[in-house]
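Q: What follows is a predicted structure for the sequence shown.
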Amino acid sequence: MELILNRMYFKNGTNGQISYQGCVICECIELPWRNNKRNISCIPEGRYALIKRYHTKHGEQLALSHVPKREAILIHPANFALRELQGCIAPVTKCKGEGVGDYSRIALERLHSLVYPVIEAQELVILIITSVKGRNSLYIH
């Protein structure tokens, strides 16, 4: 399975859409691009395998594997990238501003319902992160 995350970069955050076979699953927010610096930047564009991991405090989590110069990059709920993220990706139902979105937990549940059964069937799930050229109103409502 291949998911596509198309991003747009802004000063105060990175906004995107995650899609599967041309259908948008959810939008997402991340930190701004700051040269892949830990805790203050979104991760580089590229291809990443998604894996399921278990954390004693947070339970099951969706993580990206083999991110260059980074570790523990998760897909988890957050509605304000600058306040709630440290390099991770937060699914949201709608982007409302640069790195700001709504109803993150609902969007995360939608993504989990698609991805977890594939991972549990021991099939590979790849997230391809790319950028959109030019401004697109889909990324800020």
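A: The structure has been received and is ready for your questions.
Q: contacts and neighbour counts: CA atoms only from here.
A: OK.
Q: any idea how far the helix or strand where residue 82 lies is from the chain center?
A: Using DSSP states H and E, residue 82 sits in helix 81-84. The chain centroid and the centroid of helix 81-84 are separated by 13 Å under CA atoms, centre = their mean, to the nearest Å.
Q: Direction included, what does the helix or strand following it pair up with?
A: Per DSSP H and E, the first helix or strand lying C-terminal to helix 81-84 is strand 90-92. According to DSSP bridges, strand 90-92 forms sheet pairs with strand 23-30 (antiparallel).
Q: Could I get the average pLDDT for the partner strand?
A: The average pLDDT within strand 23-30 is 98.
Q: Check which residues of the helix holding residue 82 are buried.
A: Residues of helix 81-84 classed as buried by neighbour count (16 or more other CA atoms under 10 Å): 81-82.
Q: List the contacts of it.
A: 12-13, 29-31, 78, 90, 99-100 (CA atoms under 8 Å, 6 or more residues apart in numbering).
Q: what's the answer for stretch 36-48, then?
A: Against stretch 36-48 from outside (CA under 8 Å, 6+ apart): 14, 30-35, 64-70, 85-89, 126-131.
Q: Find the residue at the geometric middle of the protein.
A: Taking CA atoms, centre = their mean as the criterion, residue 89 is the residue nearest the geometric centre of the chain, at 3.3 Å.
Q: Would you check that it makes contact with residue 79?
A: No. With contact defined as CA atoms under 8 Å, residue 89 does not count as touching residue 79 (10.5 Å).
Q: which element follows the longest helix along the chain toward the C-terminus?
A: Counting residues, the longest helix found in the chain (DSSP state H) is helix 104-120. Downstream of helix 104-120, the next assigned helix or strand under DSSP H and E is strand 126-131.
Q: List the buried residues for that following strand?
A: 126-130.
Q: I'd like the average pLDDT over it.
A: For strand 126-131, mean pLDDT rounds to 97.
Q: can I get the CA coordinates of it in CSV?
A: Coordinates of the C-alpha atoms in strand 126-131 are reproduced here as CSV (Å, rounded to 0.1, in the frame of the first residue of the first chain):
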residue,chain,number,x,y,z
ILE,A,126,4.7,3.2,2.4
LEU,A,127,4.2,7.0,3.0
ILE,A,128,5.6,9.0,0.1
ILE,A,129,6.1,12.6,1.1
THR,A,130,6.3,15.2,-1.7
SER,A,131,5.5,18.9,-2.0
